[in-house]
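Peer 1: What follows is a predicted protein model with its sequence.
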Amino acid sequence: MQIDEILQKLPQNSHRHIARAITIVENELVGYESFLEKIQIKNTPVLGFTGPPGAGKSTLVNQLIKLLLSQNKKVAVVAVDPTSPFNYGAILGDRIRMLEHYKNDHLYIRSVATRGSLGGLSDKIIEIIEVLKASSFDYIIIETVGVGQSEVEIAGISDVCSVVLVPEAGDHIQSMKSGLMEIADIFIVNKADREGADTMINALQTMLHYRDSDIEIPIVKTEALNNIGIDELFNLIESSLSKNEHKNKEKKQMLLALKVYKMIQKDKMKHILLENIKKDIGSIYNNEFNIYKYINNYKSNI
């Protein structure tokens with residue numbers, strides 16, 4: 001499959017060509033850099049969903065997909081999963097729940113692996129999102145692996161970031177405060193039929209009261225399993241999209257600058273292989289081994 005053919009088919013939402021394009025950029029296959037330079041990126045809204053494991057993000061996203069498909073919208077979903085320790089691919093987990101939609105031509109689902117990224121996202125997520133923006137989707141949804149406070153990277157990628165919590169998380173709200181303040185455009189208290197939902201909402205409202213901002217962050221109660229609160233959530237997302245066009249512009253620029261820095265750093269270090277360093281240290285290591293001497297000697301030989 002030629003690069004020119006993929007570029008031609010992307011705007012037509014050809015799932016086969018979208019999949020091939022993502023594989024090219026994710027695995028840095030021959031020509032991926034020139035391919036990324038040639039794609040025509042549209043202003044497709046990106047909806048991010050994050051939160052602790054077990055909050056019901058996948059079920060919630062699945063219900064939102066149903067709602068969007070019922071409106072004849074075209075939706076792309078990027079589900080960022082933990083990396084398999086055996087083949088470094090994505091562990092699909094409850095992506096299986098979304099398979100009821102797999103025959104729908106208006107839906108494209110891609111699971112990607114974190115591959116060691118600590119921000120809850122794949123290190124190729126920006127490139128993957130831009131491939132999807134070069135297609136013809138109405139919405140792009142990112143569901144992250146859910147690693148907690150370190151997941152602030154999603155704020156630099158999504159236009160609206162929803163933080164999904166459950167009533168049982170109320171006791172931990174203070175320890176989560178910093179990360180939540182950084183990334184949330186909407187708070188979702190899922191599984192709201194459980195005891196403690198109102199306590200959780202009160203804790204969030206108290207936290208929001210003492211923050212340094214006049215921007216209102218809405219809180220919505222949902223019961224994803226019972227499809228309750230999904231319409232209200234979507235209305236809040238639409239409202240946030242209209243308000244957030246210029247919001248957090250500096251934060252997004254900072255995070256994108258960091259991404260550029262990391263990409264340049266990675267390119268400059270691509271000839272330095274961890275396995276070679278492991279073997280080298282293994283051959284010379286003793287109780288008097290000095291890591292700083294080793295680093296200085298290594299740098300002088302590069």
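Peer 2: Noted; the coordinates are in hand. No experiment lies behind these values; they were computed from the predicted model shown.

Peer 1: If we go by neighbour counts, what in the helix or strand hosting Gln63 is buried?
Peer 2: Using DSSP states H and E, Gln63 maps to helix 57-70. Neighbour-count burial for helix 57-70, with 16 or more other CB atoms under 10 Å as criterion, is recorded at 57-65, 68. C-beta: built from backbone N, CA, C; applies to glycine.

Peer 1: what do you get for stretch 40-50?
Peer 2: Per 16+ other CB under 10 Å, stretch 40-50 contains these buried residues: 44-50.

Peer 1: Could I get the full set of helices for the stretch 201-302 of the chain?
Peer 2: 230-243, 249-268, 274-284, 291-300 (DSSP state H, counting those that start in this stretch).

Peer 1: one step back: among the buried residues of stretch 40-50, which one sits closest to Asn276?
Peer 2: In terms of CB to CB, no member of the buried residues of stretch 40-50 lies closer to Asn276 than Thr50, at 36.0 Å.

Peer 1: measure the nearest residue in space to that closest one that is not next to it in sequence to Ile183 for me?
Peer 2: Using CB to CB, 6 or more residues apart in numbering and skipping the chain neighbours, the partner closest in space to Thr50 is Thr144 (4.5 Å). According to CB to CB, to the nearest Å, Thr144 and Ile183 sit 10 Å apart.

Peer 1: And for the residue nearest to Thr50, the neighbour number?
Peer 2: 27 (other CB atoms under 10 Å).

Peer 1: That one contacts Pro53, doesn't it?
Peer 2: No. Counting by CB atoms under 8 Å, Thr144 does not reach Pro53; the two are 10.4 Å apart.

Peer 1: will you turn the helices of the stretch 201-302 of the chain into a markdown table that also has distance to Leu29 and mean neighbour count?
Peer 2: What follows is the helices of the stretch 201-302 of the chain, written out as a markdown table (distance: least, CB to CB, whole Å; neighbours: other CB atoms under 10 Å):
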| stretch | distance to Leu29 | mean neighbour count |
| --- | --- | --- |
| helix 230-243 | 34 | 15 |
| helix 249-268 | 15 | 12 |
| helix 274-284 | 22 | 10 |
| helix 291-300 | 30 | 10 |
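
Peer 1: how about these in JSON lines, adding distance to Phe137 and mean pLDDT?
Peer 2: Converted to JSON lines, the helices of the stretch 201-302 of the chain look like this (distance: least, CB to CB, whole Å; pLDDT from 0 to 100):
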{"stretch": "helix 230-243", "distance to Phe137": "14", "mean pLDDT": "93"}
{"stretch": "helix 249-268", "distance to Phe137": "20", "mean pLDDT": "75"}
{"stretch": "helix 274-284", "distance to Phe137": "37", "mean pLDDT": "90"}
{"stretch": "helix 291-300", "distance to Phe137": "46", "mean pLDDT": "88"}
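
Peer 1: Could you save those helices as TSV and add columns showing distance to Arg211?
Peer 2: Below are the helices of the stretch 201-302 of the chain laid out as TSV (distance: least, CB to CB, whole Å):
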stretch	distance to Arg211
helix 230-243	17
helix 249-268	15
helix 274-284	41
helix 291-300	42
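
Peer 1: what's the closest of those helices to Gln2?
Peer 2: The nearest among the helices of the stretch 201-302 of the chain, by CB to CB, is helix 249-268 at 25.0 Å.
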